[in-house]
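S.K.: Need the 3D shape of this:
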Amino acid sequence: MDDQRRRPEEEDGIVRSLDRAALAAAGPAAEWLVANGLGGYASATAAGALTRRYHGLLVAALPAPLGRMVMLSHLREAVRLADGRELPLVPLEQPDDAGTGCLDAFALELGLPVWRFAAGGVLLEKRLFMPYRQNAVQAHYRLLPGSAPATLLLRPAVGFRALEAPVAAAPAAYRVGMEDGRCEITGDPALPPLRLRVHGAAARLVVEGTGAMDVLYRQEAERGYDSRGMLWSGAGFEVPLAPDRPAALVAGTEPWPVLDALPPAEALALERERRRHLLSLAPPAARAGPAAELVLAADAFLMSPAGRSADQARAQARGDEVRSVVAGYHWFTDWGRDTMIALEGLTLCTGRAAEARWILRAFAGHVRDGLIPNLFPEGRNEGLYHTADATLWFFHAVHRYVAATGDRATLRRLLPVLLDIAGHHRRGTRFGIGMDPADGLLRQGAEGYQLTWMDAKVEGWVVTPRRGKAVEINALWHNALRLLAGWLAEEGRGAEAEPWAAMADRARASFNDRFWYAEGGHLHDVVDAEGGGDDPACRPNQVLAISLDHPVLDRERWEPVLRAVEERLLTPVGLRSLAPGHPDYRGRYFGDLRSRDAAYHQGTVWGWLIGPYLDARLKLHPEDRAGARRLLEGLAAHLGEAGIGTLSEIFDAEPPYTPRGCIAQAWSVAEALRCWVGTAEGGAA
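M.R.: A predicted model of the protein is given here:
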């Protein structure tokens, strides 16, 4: 934004801009997202249009059984000129052409979206943010110097519904209440009202006749879902603007005393201050450039889940707070696997170690039969446990936390839980997860379940069941056994440590005897697979046999495995999930749900896998940090596309590696940030 007034965030260099040409080229592919620390968010295209059912200016995170609800879908924004003409600023739907209308530029400043509009001599700037830990959103407007006077017209459009509900599911009956310039829109009596107020000189609330709008959500149409829905608009605001008279709309489901607690200008200043503080907490290598953008992106995933009263009670009893990790926006909740993989990058690499401790303790409280939850479904307080690897990643996350903080007190608190987990895995637990007494390897599998991270399932079809002894599961199993034995020994419990160390020795010997696929020069993906035999598919899971703190693979086989991965799986934005040439390989991720899930782990590139790959590469070539850093350049460039300022979940397996899936994914951001910090000069490997 070159309006000749440098802001502090611009001076910090934490700004990413798209001019009119870049916006036109990006079209609906450019999206923005702001989160509120509760799991709620605001998001739409950079042009302001709604293309997904998940888009909305206020998606509130409400206590169970409600979950996340779309409460404010859109703001119809226009300016009324001195001659009476009304010029719309933001489209409800993405236009068919590549034009940007009145939108002149879009930027993220300190991770917050800023728009600049030019319409009929009016130069208008809009800023949007969500007050931290509130189900609320604020949009701030000001005229820039040289602008003609104008009146801002705001017409909220609503269609209250659950986040995952079809767009046609919004109820038709809404009521508007007004008092002292405040507006309340009420729909379903089970939901709180949407409260709105405009702050500005001579602001006026206007009640109109009921207006219903039929909206086409183009991304939903492309994904094979219901794509037409109705939004309702029956009230609005008008406020005169001048360069010295800004205005702000405040909307939320919070009570009025919360929404009115701070003047909007102060609330925005405090949010900027909070974000600058986040940067100050990060290590020096992460305070500028792409890493700083990733630090700010990481903040969106750390949240305090709404309504988990048991978690809250346990945390308060310990003097903690409740924290978890949103796996991805827009549609994921908190997942155990994603949380444990992303924990180091999101918290330890951002200077937020206390939140790492809270997360680990919270998940320890949810262990059942030796397993942590795979995920917490939307609107529910209890987790689902169908995962074979999330619990083993828990050991990895605990180790990285203790190594970074030296917090032995937390380790001692967690040791009984970790021992219980290991005991259940040794004896056998749910979903066929258990150690094979014949060779000490870990096997898993149950009909109808997808238990590894390659977990696509549609209409009862488990796309990649991988039942048997999966390569990364056993790399994680060996790592967990080594860590447990080491912790016990460090705590002076050597006699207890010895059986676990012996189990690790046996698992390692069996792994190296069973998993090497000599013909391909890499590791089998699964041995003792369902139906018999071994699966020789070349997949990225094998890098964990090298990358973890206690690598299970013999050193002499590291180089051929990494060579196979580099030649067949490595791309500029992560690793393919399956090598080209395999009969199940899919080069593009597109179409309806069944088509997409058929490609989800059958070639599709995953950004998070760059982390384990670079860990393995640096073990083999510890002197080549510069070469490792260069392999992050593709993801750094991706910060300027799709979810602006963040990293996507997945990409097509073939050039141009089109981003797909979630526009913001926790482990993609976390692993890229961790590797960026780790490959900095003087950084940890």
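
S.K.: Counting by contacts, list what the helix or strand containing Ile610 packs against.
M.R.: Element membership for Ile610 (DSSP states H and E) is helix 610-620. Applying 3 or more CB pairs under 8 Å, 6 or more residues apart in numbering; DSSP states H and E, we find helix 610-620 packed against helix 544-547, helix 558-568, strand 574-576, helix 625-630, helix 666-678. Yep, even glycine has a C-beta here, placed from its N, CA and C like the rest.

S.K.: Going by neighbour count, which residues of stretch 218-236 are buried?
M.R.: 218-220, 223, 227, 229-236 (16 or more other CB atoms under 10 Å).

S.K.: My guess is Ala168 contacts Leu231. True?
M.R.: No - between Ala168 and Leu231 no contact is recorded; they are 11.3 Å apart, counting by CB atoms under 8 Å.

S.K.: Can you classify the closest residue to Gly67 other than its chain neighbours as helix, strand or coil?
M.R.: Spatially, and ignoring its direct neighbours in sequence, Gly67 is nearest to Gly379 (3.0 Å; CB to CB, 6 or more residues apart in numbering). Put simply, Gly379 is coil when judged by DSSP: H, G, I helix; E, B strand; the rest coil.

S.K.: Now do the phi/psi pair for Gly379.
M.R.: Backbone torsions for Gly379, taken as degrees, to the nearest 10, come to phi 80, psi 10.

S.K.: helix or strand right after the lowest-mean-pLDDT helix or strand in the chain?
M.R.: The weakest-scoring helix or strand in the chain, judged by mean pLDDT, DSSP states H and E, is helix 8-11 (a mean of 44). On the C-terminal side of helix 8-11, the closest following helix or strand by DSSP H and E is strand 15-19.

S.K.: Now that following strand: average pLDDT?
M.R.: Taken as a whole, strand 15-19 has a mean pLDDT of 92.

S.K.: For the stretch 451-600 of the chain, just list every one of the strands.
M.R.: Per DSSP state E, counting those that start in this stretch, the stretch 451-600 of the chain carries strands over the ranges 457-458, 461-462, 469-470, 516-517, 522-523, 526-527, 570-571, 574-576.

S.K.: Need the ones you listed in TSV (columns: distance to His366 and mean neighbour count).
M.R.: TSV is the format used below for these (distance: least, CB to CB, whole Å; neighbours: other CB atoms under 10 Å):
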stretch	distance to His366	mean neighbour count
strand 457-458	22	16
strand 461-462	24	16
strand 469-470	23	28
strand 516-517	37	18
strand 522-523	32	28
strand 526-527	28	26
strand 570-571	35	20
strand 574-576	30	28
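
S.K.: Looking at the ones you listed, spot the one closest to Thr186.
M.R.: Closest of these to Thr186 is strand 457-458, at 37.5 Å (criterion: CB to CB).

S.K.: how about low-confidence regions in the protein?
M.R.: By pLDDT under 70, the low-scoring segments of the chain are 1-13, 95-99, 170-172, 209-210, 682-685.

S.K.: and it, what are its domains?
M.R.: Domain assignment for the chain by automatic domain parsing gives 8-276, 286-435, 466-564, 569-685.

S.K.: Buried residues, stretch 436-451. List them.
M.R.: 439-446, 449-451.

S.K.: how about the residue lying farthest from the centre of the chain, secondary structure?
M.R.: Ranked by distance from the centre of the chain (CA atoms, centre = their mean), the top residue is Asp83, with 46.1 Å. Counting by three-state DSSP, the backbone at Asp83 sits in coil.

S.K.: And for Ala362?
M.R.: Here Ala362 is recorded as helix under three-state DSSP.

S.K.: who's in contact with it?
M.R.: 311, 314-315, 320, 322-324 (CB atoms under 8 Å, 6 or more residues apart in numbering).

S.K.: So which of the domains of the chain is nearest Val458?
M.R.: domain 569-685 (4.5 Å).
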